[in-house]
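[1] no FASTA, just this:
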């Protein structure tokens, strides 16, 4: 593994950081407080090319290799203080687009991918249900074949973009007696009769990306909107979630770098009894630990992306990356608040928001407990 960078790659990264800082700002404090998703910012990111960074050129993307795409997303997270927006972009890239590119027919890709790349269409990834969160394949949703259509009934929860999506990838059982091998995936138009997108649900963090419930009541879906083969839903889910689990936390690395820069600046200028607080080990050691988490997390993420890029097994690395980066961001956010004291606790500074956003990383895409179960199982336990 060689993680050296060309001048061209460095220039791309620097420009991505500049773009995020200058174009993806806005009043994130107000949008976070109101729980508002800014589709203008989404469109702006799409026009810059973010949603196509990892998409092959023949499909309209930039065709960057995965490690380069991950580093660009890291730069995006450093420049953009809106963790909800960067999370949403990653979820769309790794969960939705990956599933479509690897399992979709040419006709499905031609129909659904271009509007996604352009930022004109949002697709929800509908797997989670009230009774099947960590037990993903224990879903109750059904899809019954009737001639040239499937009739879907489902109640999906905690769906990213659920309240505002234009389409959805919906997982349902086509053969309930076959267990996980009886699950299929469908591309469903949100305008279909019987499809209901419920209002945005308030949550602790990541408030600028909408989450919510999606229900389907006797929704008729043409058979040509089956994504992959019938019964291949579990394989599709495992594959696409492997990508998301591996790579979706890349922007958090950038956020961690931003935290360090801001903490160093604050510790140099804030004085206590005439001495910069950075001279006190209680402060300087916290910042040193933040740097340690950043560098080790970066190496683990890049290794996971490199393995994914090479098509090599990385189930262990993906689980470790998801666990480690999620907990590192949480711990660094706590440290940043402690360093800034009262300033860090106040909403207007934007520091406490990182902590609230970080908690989501311990849950979505498979909780850290589930990731540890994966690691333990791979170790033979």
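    Happy to help now that I have it. Predicted model, so just to flag it, every value in this text is computed and none were measured.

[2] ok, residue 82 - contacts?
    24-26, 28, 31, 41, 208 (Cβ atoms under 8 Å, 6 or more residues apart in numbering). Just so you know, the C-beta spots here come from the backbone N, C-alpha and C atoms, and that holds for glycine as well.

[3] what's the burial count for residue 162?
    Residues near residue 162, counting by other Cβ atoms under 10 Å, number 27.

[4] name whatever forms a beta bridge with residue 156.
    residue 214 (DSSP bridges).

[5] does it touch residue 212 like I think?
    No - Residue 156 is beyond contact range of residue 212, at 9.4 Å (criterion: Cβ atoms under 8 Å).

[6] those two: who's more crowded?
    Neighbours per residue, other Cβ under 10 Å: of residue 156 and residue 212, the larger number sits with residue 156, 26 against 21.

[7] got the contact list for that one?
    Contacts of residue 156 by Cβ under 8 Å, 6+ apart are 126-129, 141, 162, 170, 213-216.

[8] overlap of the contact sets of residue 156 and residue 212?
    Joint contacts of residue 156 and residue 212 (Cβ under 8 Å, 6+ apart) are residue 162.

[9] nearest residue to residue 289 other than its sequence neighbours?
    residue 335 (6.7 Å; Cβ to Cβ, 6 or more residues apart in numbering).

[10] also residue 201?
    Nearest to residue 201 is residue 212, by Cβ to Cβ, 6+ apart, at 5.1 Å.

[11] downstream of the one helix or strand residue 261 maps to, the next helix or strand is which one?
    Taking DSSP states H and E as the definition, one finds residue 261 inside helix 250-269. Going down the chain from helix 250-269, the next helix or strand is strand 271-272, by DSSP H and E.

[12] neighbour-wise, which of the contacts of residue 82 leads?
    residue 208 (25 neighbours).

[13] assign a three-state SS to that one, would you?
    Residue 208 carries the three-state label coil when classified by DSSP: H, G, I helix; E, B strand; the rest coil.

[14] just residue 45 next, same as before
    Per three-state DSSP, residue 45 ends up helix.

[15] again with residue 63
    Relying on three-state DSSP, one would call residue 63 coil.

[16] list the contacts for it?
    Counting by Cβ under 8 Å, 6+ apart, residue 63 has contacts 55-57.

[17] residue 303 too?
    1, 317.

[18] what angle separates the helix or strand hosting it from helix 250-269?
    Counting by DSSP H and E, the element that carries residue 303 is helix 281-310. In terms of direction (axes from the mean of the first three to the mean of the last three Cα atoms, to 10 degrees), helix 281-310 departs from helix 250-269 by 160 degrees.

[19] can you mark which positions in helix 281-310 are buried?
    Across helix 281-310, burial judged by 16 or more other Cβ atoms under 10 Å covers 283-284, 286-287, 290, 293-294, 297-298, 300-309.

[20] which other helices and strands contact whatever helix or strand residue 111 lives in?
    Assigned by DSSP H and E, residue 111 belongs to helix 106-117. Applying 3 or more Cβ pairs under 8 Å, 6 or more residues apart in numbering; DSSP states H and E, one finds that helix 106-117 makes contact with helix 98-103.

[21] hmm, who's touching the helix it packs on?
    55-56, 59, 108-109, 112-113, 116, 125, 169, 185, 187, 227-228, 232, 236, 239-240, 243-244.

[22] any idea how far residue 343 lies from residue 154?
    Taking Cβ to Cβ, to the nearest Å as the measure, residue 343 falls 46 Å from residue 154.

[23] between those two, point out the one with more neighbours.
    A count of neighbours by other Cβ under 10 Å puts residue 154 above the other of residue 343 and residue 154, at 25 against 14.
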